[in-house]
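Undergrad: when you get a sec, could you give me coordinates for this:
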Amino acid sequence: MELNLRPISTIRKQTLNFENCPTKTSDEQIDVEKLVLRKYEDLHTKLKVNKNLPELLKEKHRNFLYDSITYLSSSYEVLDASRPWLCYWILHPLSLIGIQLDNRRKRAVARFLAKCQSPKGGFGGGPGQIPHLATTYAAVNALVILGTEEALNVIDRKKLQDFLWSVRQPDGSFEMHENGEIDIRGAYCALSIASLTGIMTPELFRNTAEWIVSCQTYEGGFSGCPGMEAHGGYAFCGLAALVILNKGHLVDEKALLRWLVQKQMKLEGGFQGRTNKLVDGCYSFWQGGAFPLIYSLLHAAGNTPKKHLFDNGSLQEYLLVCCQNPNGGLLDKPGRNRDLYHTCYTISGLSLSQRFVDTTSILGSKHNEVMSTHPLYNIRPDFVRKALVYYNGLGLPTEDQSAT
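TA: Below you'll find the model as predicted:
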């Protein structure tokens, strides 16, 4: 199914009305709208010459990501404790545009991630660093994407299970590392890791669903912990975690759906992460990725949607027109620098927005299509299937530590 661009006259009508009461927030919003509107106006001017626009710059993104495997600029020094994340942020978008690493690079990445694995189980942010649920999630995802037997065997599943027990709390929540912060990311990361690697048990996640449900706010989204503000990343984590637990029915899906659709920006077409915040390309996944999970809940309740419940055409428009660096890589919003994080999640959001069940809806030419991503794990579904078959075939690595 082909999608059409919004008329520029329609976009112009969506500018913010600050009702003669300007604030810092409204001033920032208006500045972003001006940048975005200029991008859309330039596009419509260029369409008079080139009818194939907008175009996903696949080859340039491929070069940016491929080069980042072996060389990163000094600006990435602040992410020294996030090196498994860098691996995942490179490998996943490459896989979505159909690029596989050669065997030599696959071995190099797998062996580097093996050095990040802690003797206690789990993965740290780099060699010798303490294990952390977030970097363990990233490392497991990266190894599953690599998909070789060497990569899949890097994970010490017994020690990984021990690590999960060490950060589990009596109320079912998870701290991000021993004596670390407790929030909904921990529950999602633990569930994603455990389900992908075949070490998930009822005892390990006793009370987890109830704790997650306590994080759903009056707005409808999920907060990091009970009593805080709803946020797009936390909303995805909470919903995905409950679906993994087969407890999605505990969500107030109507309230969540109402909150999600209100986060799509009228003029920009992309999503904001919280109320009164600016548009950001990464939320094309964190907010957009929640929709397929809600569709599954609605289907189970006999209310199957017939199409996307957000404007997937406007989202693709924002990602293709406003979030691409002409030299490769993607970004938060016009005026910002490209980076690996936003490249990963904008392409993930693009993938989700292009598909609804068996229907494919592409803005621009067929060239703009990217491959599917799994809405629970944000990995290609074929990689997820391979990992599930492989690890579940091994059985549980140890007796459950329910007394721990």
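
Undergrad: rest of the way, CA atoms for contacts and neighbours
TA: Will do.

Undergrad: which residues of the stretch 251-400 of the chain fall in helices?
TA: 253-262, 283-286, 290-300, 312-322, 340-353, 381-392 (DSSP state H, counting those that start in this stretch).

Undergrad: same list, those, but as TSV with distance to Leu160, mean pLDDT and mean neighbour count please.
TA: Converted to TSV, the helices of the stretch 251-400 of the chain look like this (distance: least, CA to CA, whole Å; pLDDT from 0 to 100; neighbours: other CA atoms under 10 Å):
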stretch	distance to Leu160	mean pLDDT	mean neighbour count
helix 253-262	33	97	18
helix 283-286	26	98	28
helix 290-300	27	96	19
helix 312-322	37	98	25
helix 340-353	25	98	27
helix 381-392	13	98	16
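
Undergrad: closest one to His132 among those helices?
TA: helix 340-353 (18.4 Å; CA to CA).

Undergrad: okay, angle between the closest one and helix 290-300 too, please.
TA: Going by axes from the mean of the first three to the mean of the last three CA atoms, to 10 degrees, helix 340-353 is angled at 30 degrees with respect to helix 290-300.

Undergrad: let's have the helices of the stretch 251-400 of the chain in a markdown table, adding distance to Ala241.
TA: Listed next are these as a markdown table, based on distance: least, CA to CA, whole Å:
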| stretch | distance to Ala241 |
| --- | --- |
| helix 253-262 | 14 |
| helix 283-286 | 13 |
| helix 290-300 | 11 |
| helix 312-322 | 24 |
| helix 340-353 | 18 |
| helix 381-392 | 16 |
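
Undergrad: among those, which is nearest Lys333?
TA: helix 312-322 (6.3 Å).

Undergrad: which of the helices of the stretch 251-400 of the chain sits closest to Ile182?
TA: helix 283-286 (19.7 Å).

Undergrad: and that closest one, what does it pack onto?
TA: Applying 3 or more CA pairs under 8 Å, 6 or more residues apart in numbering; DSSP states H and E, one finds that helix 283-286 makes contact with helix 232-244, helix 340-353.

Undergrad: for the helices of the stretch 251-400 of the chain, which one sits closest to Ala151?
TA: Among the helices of the stretch 251-400 of the chain, helix 381-392 sits nearest to Ala151 (CA to CA), with 10.6 Å.

Undergrad: between the helices and strands packed on helix 283-286, which one is closest to Arg157.
TA: Short answer: helix 232-244, nearest of the helices and strands packed on helix 283-286 by CA to CA, at 18.9 Å.

Undergrad: roughly how far out does that closest one sit from the chain middle?
TA: 11 Å (CA atoms, centre = their mean, to the nearest Å).

Undergrad: just to revisit the earlier point, with distance to Ser195 added, can I get the helices and strands packed on helix 283-286 in TSV?
TA: Formatted as TSV, the helices and strands packed on helix 283-286 follow (distance: least, CA to CA, whole Å):
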stretch	distance to Ser195
helix 232-244	8
helix 340-353	21
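
Undergrad: relative to Trp85, which of those is closest?
TA: That would be helix 340-353 among the helices and strands packed on helix 283-286, by CA to CA, at 8.4 Å.

Undergrad: for the closest one, the distance to its chain's centre please.
TA: On CA atoms, centre = their mean, the centre of helix 340-353 falls 7 Å from that of its chain.

Undergrad: and the angle for that helix with helix 312-322?
TA: 150 degrees.

Undergrad: what packs against helix 340-353?
TA: So helix 340-353, by 3+ CA pairs under 8 Å, 6+ apart, packs with helix 83-96, helix 283-286, helix 312-322.

Undergrad: can you do 6 Å?
TA: Counting contacts by 3 or more CA pairs under 6 Å, 6 or more residues apart in numbering; DSSP states H and E, helix 340-353 packs against helix 83-96, helix 283-286.

Undergrad: tell me the buried residues in the helix or strand that the longest one is followed by?
TA: By that I understand helix 83-96. Counting by DSSP states H and E, the next helix or strand C-terminal to helix 83-96 is helix 103-115. Residues of helix 103-115 classed as buried by neighbour count (16 or more other CA atoms under 10 Å): Lys106, Arg107, Val109, Ala110, Phe112, Leu113, Ala114.

Undergrad: run through the residues that contact Cys116.
TA: Each residue near Cys116 by CA atoms under 6 Å, 6 or more residues apart in numbering is listed here: Phe123, Gly124, Gly126, Pro127.

Undergrad: and these, which is closest to Phe163?
TA: Relative to Phe163, the closest of these is Phe123; by CA to CA it sits at 9.5 Å.

Undergrad: residues in contact with that closest one?
TA: Cys116, Gln117, Pro131, Thr136.

Undergrad: then Pro127?
TA: Contacts of Pro127 (CA under 6 Å, 6+ apart): Lys115, Cys116.
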